[in-house]
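In: below are the sequence and a predicted model; questions follow.
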Amino acid sequence: MPLQEQTSGWSDTAIKMLDGYSGTLQTGSVLHETDVTSNVLLLAYGGEGELAMDGEGCHIGASFACHAVKGSSYTLTARSEDIHYIVIKYKASSMEEASIVMPSYRKHPLRRSFVQSSATHAEWIENAEKVVAKWRRGEGLERFYANALLQGMIYELIMAYERGQGGAESDMVDVVASYIASHYRQNLELKELAALAGCSVRQLQRRFKQEKQLGPMEYVIQAAYGKCIKDASSYGCFHRRNCGQAGISGYVLFQQSV
């Protein structure tokens, strides 16, 4: 799908629950899943234990929430007292029945496994239990409600994790800057870059200036100008061909950038 036709990646994304269940791990017991076939939310509370996910382990306290993406593997081990857990499996897809509309960059929250190890809000546990209960009642309105609750849970979990990591907005700038570095020869437009970041044009401009001291389009010119400088160092002069190859549309624009 052409970049200019993409939405923010969230407004057309539908969350659909696939399965849900709960259980209790007694001290020394293990919950293990290998190569999960869908995204998974794992919430747990009670005793302390260890969680290993894709080869990386961490000590977990009285409660935590984990998001594991499709293909991940995890092992939860109860070390002291019983651990009560809730597993919810889901998929994210486009409401327009096209390919998934989420931006494909690596750091997108729904494409990333992570653990929110701070004290899990009691409301999350309560909602997770309600989601599973509604799901288990069968088709129809009950499952519709379960999906709506699940979407809210995913939102809260992502926001809590992003706040702890310095926020999603920094990722947004990094993603666009990386895209510009690889595609500055193309006729990039501001609205296209905003769509890639999953935000408004105004928000992208504000965050870009805060972190890069330049607007997004100024950053495009800088990337192309840097290419001109590099080529000039190789050839020993500036000329129109270098400017065009670097992606600066117009020799006058290049002169203004010097």
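Out: That came through, no problem.
In: show the pLDDT at Leu110.
Out: pLDDT for Leu110: 82.
In: quick check: pLDDT value at the closest residue to it other than its chain neighbours.
Out: Nearest residue to Leu110, sequence neighbours excluded (CB to CB, 6 or more residues apart in numbering): Ala92, at 5.2 Å. (Each C-beta comes from the backbone N, C-alpha and C, glycine too.) Per-residue confidence (pLDDT) for Ala92: 87.
In: could you number the chain from 30 rather than 1 from now on?
Out: Fine by me, first position is 30 from now on; the one you just mentioned is Ala121.
In: which SS class is Ala121?
Out: Put simply, Ala121 is strand when judged by DSSP: H, G, I helix; E, B strand; the rest coil.
In: residues near it, how many?
Out: 19 (other CB atoms under 10 Å).
In: beta partners of it?
Out: Ile44 (DSSP bridges).
In: that one and Ala43 touch, don't they?
Out: Yes - contact status for Ala121 versus Ala43: in contact at 7.1 Å, counting by CB atoms under 8 Å.
In: what's the burial count for Met82?
Out: Every residue meeting other CB under 10 Å relative to Met82 is counted, giving 20.
In: for the one 5 residues further on, same thing?
Out: Cys87 is flanked by 12 other residues according to other CB under 10 Å.
In: ok, it - contacts?
Out: Glu79, Leu80, Ala81, Val144, Ser146 (CB atoms under 8 Å, 6 or more residues apart in numbering).
In: what strand or helix carries Thr104?
Out: strand 103-123 (DSSP states H and E).
In: that should have said Met246, apologies.
Out: Element membership of Met246, judged by DSSP H and E, is helix 245-264.
In: between the contacts of Cys87, which is nearest Val230?
Out: Nearest to Val230 among the contacts of Cys87: Val144, at 33.8 Å, using CB to CB.
In: quick check: which ranges of the stretch 130-279 of the chain have low pLDDT?
Out: For the stretch 130-279 of the chain, applying pLDDT under 70 flags the ranges 130-137, 146-150, 193-200, 227, 255-279.
In: same thing but 90
Out: Scanning the stretch 130-279 of the chain for pLDDT under 90 picks out 130-156, 166-169, 184-279.
In: direction included, what does the following helix or strand past the strand holding Thr104 pair against?
Out: Next along the chain after strand 103-123, taking DSSP H and E as the criterion, comes strand 143-145. With DSSP bridges as the test, strand 143-145 is paired with strand 92-97 (antiparallel).
In: extract the CA atoms of the strand it pairs with and return them as CSV.
Out: Written as CSV, here are the backbone C-alpha positions of strand 92-97 (Å, rounded to 0.1, in the frame of the first residue of the first chain):
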residue,chain,number,x,y,z
SER,A,92,2.2,-8.9,40.0
PHE,A,93,3.2,-8.2,36.4
ALA,A,94,1.8,-8.0,32.9
CYS,A,95,3.5,-9.4,29.8
HIS,A,96,2.9,-8.8,26.1
ALA,A,97,4.3,-11.6,23.9
